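Peer 1: Starting from these lines, generate the structure:
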Amino acid sequence: MLAVSACQTPISETETATGTPNPPVEEKRLSSLVFLMSFKDKYPYDCQLLDNQVTGPRLKQLLGERFDYLKSIWNVETPIEIQDSVLYAWAMMEQSGGDPSAVIMADIAKDKLFAGIRENGKVKLYSETDTIYPDRLKQWARETINR
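Peer 2: Here you go, the predicted structure:
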(Lines give C-alpha, C1' and ligand atoms only; values in the text may rest on other atoms or scores of the structure.)
Protein backbone atom coordinates (compact mmCIF):
# COMPACT_ATOMS: atom_id res chain seq x y z
CA MET A 1 0.00 0.00 0.00
CA LEU A 2 3.42 5.10 -1.29
CA ALA A 3 4.89 10.90 -2.25
CA VAL A 4 4.16 11.58 -5.86
CA SER A 5 2.01 14.41 -7.13
CA ALA A 6 -0.59 13.68 -9.76
CA CYS A 7 0.09 16.94 -11.57
CA GLN A 8 2.74 19.59 -11.70
CA THR A 9 2.75 23.21 -12.79
CA PRO A 10 6.23 23.97 -14.09
CA ILE A 11 7.15 27.53 -14.98
CA SER A 12 9.46 28.00 -17.91
CA GLU A 13 12.59 29.98 -17.07
CA THR A 14 13.36 30.74 -20.71
CA GLU A 15 12.71 34.15 -22.10
CA THR A 16 11.37 35.27 -25.46
CA ALA A 17 13.44 37.34 -27.88
CA THR A 18 12.01 40.52 -26.36
CA GLY A 19 13.37 39.60 -22.93
CA THR A 20 9.98 39.02 -21.31
CA PRO A 21 9.42 35.76 -19.47
CA ASN A 22 7.14 33.19 -21.05
CA PRO A 23 3.80 32.84 -19.28
CA PRO A 24 3.47 29.85 -16.97
CA VAL A 25 2.55 26.65 -18.76
CA GLU A 26 0.40 24.13 -16.98
CA GLU A 27 1.30 20.52 -17.71
CA LYS A 28 -0.44 17.45 -16.43
CA ARG A 29 1.82 14.50 -15.79
CA LEU A 30 0.30 11.16 -16.57
CA SER A 31 0.38 8.56 -13.84
CA SER A 32 3.23 6.12 -14.27
CA LEU A 33 0.72 3.45 -13.23
CA VAL A 34 -1.65 3.86 -16.20
CA PHE A 35 -0.33 0.62 -17.73
CA LEU A 36 -1.90 -1.28 -14.80
CA MET A 37 -5.35 -0.76 -16.35
CA SER A 38 -4.51 -3.57 -18.79
CA PHE A 39 -3.98 -5.99 -15.86
CA LYS A 40 -7.69 -6.24 -15.02
CA ASP A 41 -8.82 -9.86 -14.51
CA LYS A 42 -5.26 -11.17 -14.98
CA TYR A 43 -3.26 -12.89 -12.27
CA PRO A 44 -0.50 -10.84 -10.60
CA TYR A 45 2.05 -13.58 -11.34
CA ASP A 46 1.23 -13.53 -15.05
CA CYS A 47 1.66 -9.73 -15.12
CA GLN A 48 4.77 -9.78 -12.92
CA LEU A 49 3.06 -7.20 -10.69
CA LEU A 50 5.65 -7.58 -7.92
CA ASP A 51 8.67 -7.49 -10.21
CA ASN A 52 7.94 -5.26 -13.19
CA GLN A 53 10.14 -2.23 -13.82
CA VAL A 54 7.60 0.29 -12.45
CA THR A 55 5.82 -1.37 -9.54
CA GLY A 56 8.73 -3.55 -8.39
CA PRO A 57 11.05 -0.74 -7.25
CA ARG A 58 8.15 1.27 -5.83
CA LEU A 59 6.90 -1.69 -3.80
CA LYS A 60 10.46 -2.30 -2.54
CA GLN A 61 10.67 1.32 -1.43
CA LEU A 62 7.19 1.20 0.11
CA LEU A 63 7.71 -2.01 2.07
CA GLY A 64 11.43 -1.90 2.77
CA GLU A 65 12.59 -5.17 4.32
CA ARG A 66 9.00 -6.45 4.31
CA PHE A 67 9.04 -6.66 0.49
CA ASP A 68 10.88 -9.99 0.53
CA TYR A 69 8.40 -11.30 3.11
CA LEU A 70 5.45 -10.23 0.96
CA LYS A 71 6.97 -12.03 -2.02
CA SER A 72 7.54 -15.17 0.05
CA ILE A 73 3.87 -15.42 1.05
CA TRP A 74 2.44 -14.34 -2.34
CA ASN A 75 1.52 -17.87 -3.45
CA VAL A 76 -2.24 -18.31 -3.87
CA GLU A 77 -3.66 -15.26 -5.58
CA THR A 78 -6.91 -13.95 -6.98
CA PRO A 79 -7.26 -12.16 -10.32
CA ILE A 80 -6.59 -8.44 -10.28
CA GLU A 81 -9.66 -6.27 -9.84
CA ILE A 82 -9.89 -2.69 -11.08
CA GLN A 83 -12.76 -0.38 -10.16
CA ASP A 84 -12.80 3.37 -10.68
CA SER A 85 -9.08 3.27 -11.60
CA VAL A 86 -8.15 1.54 -8.33
CA LEU A 87 -6.33 -1.79 -8.63
CA TYR A 88 -6.77 -4.50 -5.98
CA ALA A 89 -4.64 -7.65 -5.81
CA TRP A 90 -4.74 -10.21 -2.99
CA ALA A 91 -2.69 -13.30 -2.19
CA MET A 92 -1.91 -15.60 0.70
CA MET A 93 0.64 -18.19 1.63
CA GLU A 94 -0.31 -21.63 0.37
CA GLN A 95 -2.36 -23.64 2.88
CA SER A 96 -2.34 -20.75 5.38
CA GLY A 97 -6.06 -20.13 5.55
CA GLY A 98 -5.37 -16.45 4.92
CA ASP A 99 -2.78 -15.79 7.63
CA PRO A 100 -0.35 -14.71 6.36
CA SER A 101 -1.81 -12.83 3.42
CA ALA A 102 -1.26 -9.55 1.62
CA VAL A 103 -2.96 -6.92 -0.52
CA ILE A 104 -1.47 -4.57 -3.08
CA MET A 105 -3.52 -1.63 -4.25
CA ALA A 106 -2.82 1.15 -6.71
CA ASP A 107 -4.77 4.35 -7.14
CA ILE A 108 -3.88 4.64 -10.79
CA ALA A 109 -5.31 8.13 -11.29
CA LYS A 110 -3.42 9.52 -8.28
CA ASP A 111 -0.25 7.50 -8.99
CA LYS A 112 -0.10 6.00 -5.49
CA LEU A 113 0.67 2.50 -4.25
CA PHE A 114 -0.60 0.89 -1.05
CA ALA A 115 -0.09 -2.47 0.59
CA GLY A 116 -1.31 -4.46 3.55
CA ILE A 117 0.22 -7.49 5.22
CA ARG A 118 -1.52 -9.81 7.66
CA GLU A 119 0.77 -11.88 9.86
CA ASN A 120 -0.09 -13.72 13.07
CA GLY A 121 -3.52 -12.08 13.24
CA LYS A 122 -2.14 -8.54 12.96
CA VAL A 123 -2.43 -6.21 9.99
CA LYS A 124 0.04 -3.54 8.93
CA LEU A 125 -0.86 -1.04 6.20
CA TYR A 126 1.60 0.82 3.98
CA SER A 127 1.18 3.95 1.83
CA GLU A 128 3.53 5.86 -0.46
CA THR A 129 2.29 9.24 0.66
CA ASP A 130 0.04 9.42 3.66
CA THR A 131 -2.35 7.48 5.84
CA ILE A 132 -5.43 8.10 3.73
CA TYR A 133 -5.94 4.54 2.58
CA PRO A 134 -8.44 3.36 -0.05
CA ASP A 135 -11.73 2.15 1.41
CA ARG A 136 -11.17 -1.33 -0.01
CA LEU A 137 -7.86 -1.65 1.84
CA LYS A 138 -9.43 -0.52 5.11
CA GLN A 139 -12.27 -2.99 4.55
CA TRP A 140 -9.77 -5.83 3.96
CA ALA A 141 -7.92 -4.88 7.16
CA ARG A 142 -11.15 -4.88 9.22
CA GLU A 143 -12.33 -8.20 7.80
CA THR A 144 -8.90 -9.75 8.26
CA ILE A 145 -8.64 -8.71 11.92
CA ASN A 146 -12.15 -9.96 12.67
CA ARG A 147 -11.43 -13.52 11.48
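
Peer 1: contacting residues around the residue nearest the centre of the chain?
Peer 2: With distances taken as CA atoms, centre = their mean, L113 lies nearest the centre of the chain, 2.1 Å away. With contacts defined as CB atoms under 8 Å, 6 or more residues apart in numbering, L113 is in contact with 1-2, 33, 55, 58-59, 62, 104-106, 127-128. For the C-beta atoms, the positions are set from N, CA and C on the backbone; glycine is no exception.

Peer 1: What of W74?
Peer 2: 44, 50, 91, 102.

Peer 1: Excluding chain neighbours, give the residue nearest to E81 in space.
Peer 2: Spatial nearest neighbour of E81, chain neighbours left out: Y88 (4.5 Å); criterion: CB to CB, 6 or more residues apart in numbering.

Peer 1: Same check on L33?
Peer 2: For L33, the closest residue by CB to CB, 6+ apart turns out to be I108, at 4.7 Å.

Peer 1: part of a helix, is F35?
Peer 2: Yes. Checked against DSSP: H, G, I helix; E, B strand; the rest coil, F35 lies within a helix.

Peer 1: Most neighbours of all the contacts of L113, which one?
Peer 2: For these, neighbours were counted using other CB atoms under 10 Å, and A106 has the most, 32 neighbours in all.

Peer 1: Where does that one fall, secondary structure wise?
Peer 2: Assigned by DSSP states H and E, A106 belongs to strand 101-107.

Peer 1: Same question for G56.
Peer 2: Going by DSSP H and E, G56 is part of helix 55-63.

Peer 1: Return the set of buried residues in the helix or strand following that helix.
Peer 2: Going down the chain from helix 55-63, the next helix or strand is helix 66-73, by DSSP H and E. For helix 66-73, a neighbour-count test (16 or more other CB atoms under 10 Å) marks 66-67, 70-71, 73 as buried.

Peer 1: Report all helices and strands that helix 66-73 contacts.
Peer 2: helix 55-63, strand 101-107, strand 112-119 (3 or more CB pairs under 8 Å, 6 or more residues apart in numbering; DSSP states H and E).
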